[in-house]
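Student: Sequence first, then the predicted structure:
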Amino acid sequence: METALRYRVELEYYKSEYKDRHGSYKFNNIGDLCGEFSKLVLIGSYVEALKIDEIQRLLGNNVKNRPTNVTISEFYKTSIEKYLQDDNSPEREHIILAIGISCLQLFAQNNYTGPLVGPKAAVLLPGLISEGKSEDDVRIEAIEELVGDTEGLYSLLNGPEFLLIARLIFVDLRTLLKSCLSVEWWCFRCAVLHQRVADEKSQELYEILLQSLNQVENNPELLNISKSRDITALFHLEAAHLHLFYYDVGRAADHFEKAKNALSVKIYLTGALGKRTKWQQEDRAQLVVKVEYEGQPIMQQEMPGSTLLPGDLPKDVLLDDDTRLNKFKFKEQDEDVIPDMRSIEQCLILGDITQKRRSQPSDIQLDQETKAYNAALLQFPNNWAMQMSGLLMRCRVEASENRAMQRSLEQFEELVAAVNREEPSRFERLKLFYSSIVLSHWELQQELAKMLMRLGCVKSALEIFERLHLWEDVIVCYNDLQMRQRSAEVIRNEMEKGETPKLWCLLGDATDDIECYNKAWEMSNHKSGRAQRCLGNYYYVRKEYTKAIEHYEISLKRNALQFPVWQRQAYCAMQTEEWEKCAQAYRRCSVLEPDSFEVWNNMSQAYIKLDQKPRAWKSLQEALRCNNNSWKLWDNFMLVSTSLGYTSHAVNAYNQILSKKEKHVDTQILGRIVKAIQGDEKDPEGRQARDLFKRCSELMGRLSSQVPSHPEIWFLYGQLTDVNPEPTTETRHLAMQHYKKALATATQKSNWDKDTGAVLCIINYALLLMLAALESAKESAPKAAIATLGGVRLSVHSTITGVKRGQVNIATGEIVDQVKEPLQKLEASLADIMAQIDQLKKESY
């Protein structure tokens, strides 16, 4: 982020009158304290800024000890409110804003970008310590005050006191900072970090985030492309990542698009010829990313590029493989070269692929696209957060590839090491941090440990998990090592330091003791959604779905942002056939995860059971939007479309199925389609079914060529050809040929004459064949007609012989009752054919 950009967003003093003729910022006209403090915050010297004497007095240096009956938030709230009441000037409001910024940035440095800041929170925030309490006690107190409606925070947070003060200023007291243009933006950032270190998604934080996001987006003074394209793009990037965190892929995509529009940048995938391996002889199409600017990008506040050296950034580990190249070798040398983009423009590339990976199911194609975007992102490294994000995403993709797994592991180790290095400066690392996907230091090490587990290094992974207090993963490791009792011992040892509802739940996971979950529920004063979720899971795995539903419902009342719980709730309701409850749960799933085709598909099944087929049809359309490669999904859509009369959609669905699964035969659906065309039915959209004749004929032709031995396909094909809107001699003859093939393929099956049901169908085929033959003969020359009718006569005569042979009652020696009348009708029709042949013979001589 450029200096001017940070200055505007962080400190509000962005107008030209605050710069001298050399371009430096001047502060003497906004108060000495405000100027000195602002200057230090502007350059990222947050520790030095907080050490200023007057700031220290404001933060409690003049108070011997915080009263024991006063919480940290109450103490600082009183102090800040008094400070603003004594002199309610814009300068004082900006000082409070800058204190909040300093605290939030220090928290981000300590837990995300690293390395650890030297002075402890108690040194910079002297009002923290109350009489008789240690620094550790205050740290635990700060975490407890931050819990709110979450299930708890990560237990080894560094400097949670900084986050608490930032939250107090940006969330609780933001209405007092009326002259601060960006306080809502910082409220948004603060709530994002708060949510990211919480164990569960918080409804309260989500509402705060949406409210502050809306305030910023509707503030024309702050978001104005004519003033700064970068500011506008930056906000939309941060907003997009927030929506991705909460599963809202649609809104995220909108914000990413607005960010690209603000910077006038177009990013897209294309193909180029190149080689992927060292021994490849022929060039093949490879994916590359192209970047175009809509006109020359001239930013009003554009500053010189990054001064970071390659050694300051996380190292890009080279691929050392005997076959695969480190990067594609393109036929045209500069085919994959993109412009030397500024850091904020690189955020657009990161945003594009992050949104793709969040909204699409994982497959080889998505991994190839990710690699193309990563190659572009890592081409000109100039920002620490972007380099970390790009390398992290590549690690995740390559973690499952045999030829790149070693690099992925080494790259993970490099990223962990990069966080703890002294270079680059802490301030440089924070640039664009909020629009990146940089993980906390424990999440980064957690991913490294999980990769070690996949490689079979379970004990090495276990050491990392235990050191980081990631107890859920510890339990998984011990289970893999078949030492489950040891995981329970580890949790009990931790509980000796202090019991919490979370630890009781983990003990229940380790021992399968339901009383542990009940204890967690009681200890939380009936507030722990996690305890109820664990109880639900306990009954779920035992297939006691009714009891599981009861506990899931309680858990969801306390936290409605639990996507996996809504999924299990829906599945349980499906098993107990509570279809309304099932549909409701899947609706909530679709809000949290709108691009999950499984959710939409399962929702449609619930609607079908509720006899709400129009809603089922729309749900299936959403499912196909998310994934149109599943033939089963298309099959479900085809079935519902047919039952609702959407014949056009049914034909399209059948073609989609055949492109994914050849020789798929569903004569019931085909029969309904043909019947709709025969009756020229209107679909709910007002389209005539007869207009589908050509498309349906193409479908039947495609299917009959794939499955030429299926009699019913030929029969339906004949029925369809019979109703050609523009009948000709050729079409009538073609219909007859289809019926003839239906009869021939049906009578080729062994023992067909013994199956009464099959015999009745075959008699029907023969009757329609003779009708079609008579129609065809009317417009044919006598000799041709005689030949046609003669062939039909032989086929039908052979059929009658077979029926008489197989459908005889052994006791009486007579034809069985079900077949007797249809057979008589068939014989009468055959007599008509023979009479017609005789008549034609007379006419031809």
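Tutor: Received it, and whenever you're ready, just let me know what you need.
Student: So which residues of the chain form strands?
Tutor: 265-277, 284-293, 324-330 (DSSP state E).
Student: Where among those is average confidence lowest?
Tutor: Ranked on mean pLDDT, the bottom entry among the strands of the chain is strand 324-330, at a mean of 85.
Student: what angle sits between that strand and strand 284-293?
Tutor: 60 degrees (axes from the mean of the first three to the mean of the last three C-alpha atoms, to 10 degrees).
Student: Quick one: residues in contact with strand 324-330.
Tutor: Here strand 324-330 makes contact (C-beta atoms under 8 Å, 6 or more residues apart in numbering) with 272-278, 286, 288, 318-319, 336, 375, 403-404. C-betas here are computed from N, CA, C, even on glycine.
Student: again with stretch 265-282
Tutor: 260, 283-294, 297, 322-325, 328-332, 335-336, 345, 348-349, 352, 369, 372.
Student: Any of those buried? List them.
Tutor: 260, 286-291, 324, 328-330, 335-336, 345, 348-349, 352, 369, 372 (16 or more other C-beta atoms under 10 Å).
Student: Please identify which of the strands of the chain is closest to residue 764.
Tutor: Closest approach to residue 764 among those is made by strand 284-293 (52.7 Å; C-beta to C-beta).
Student: ok, back up a step: farthest pair in the contacts of strand 324-330?
Tutor: So, the contacts of strand 324-330 by C-beta to C-beta: farthest apart are 273 and 318, at 23.7 Å.
Student: These two: which is more packed in?
Tutor: Remark: of residue 273 and residue 318, residue 273 carries more neighbours, 14 against 11, as counted by other C-beta atoms under 10 Å.
Student: In the sheet, which residues pair with that one? Tell me.
Tutor: Taking DSSP bridges as the rule, residue 273 bridges to residue 285.
Student: Would you mark the buried spots in the helix ranked longest in the chain?
Tutor: The single longest helix within the chain, with elements called by DSSP state H, is helix 817-844. Within helix 817-844, the residues that count as buried by 16+ other C-beta under 10 Å are 819, 822, 823, 826, 829, 830, 833, 836, 837, 840.
Student: residues in contact with the second one?
Tutor: Read it as residue 822. Neighbours of residue 822 in contact, by C-beta under 8 Å, 6+ apart: 760, 763, 764.
Student: Could you check how far it is from residue 375?
Tutor: 71 Å (C-beta to C-beta, to the nearest Å).
Student: ok so, going back, what average pLDDT does the longest helix of the chain get?
Tutor: Rounded mean pLDDT across helix 817-844 is 86.
Student: do stretch 79-92 as well
Tutor: 89.
Student: how far is that stretch from where the chain is centred?
Tutor: Distance of stretch 79-92 from its chain centroid, counting by C-alpha atoms, centre = their mean, to the nearest Å, is 46 Å.
Student: Identify the residues contacting that stretch?
Tutor: So stretch 79-92 is contacted by 30-31, 33-34, 58-60, 93, 96, 127, 168-169, 173, 176, 179 (C-beta under 8 Å, 6+ apart).
Student: and of the residues you listed, the nearest to residue 213?
Tutor: residue 169 (18.2 Å).
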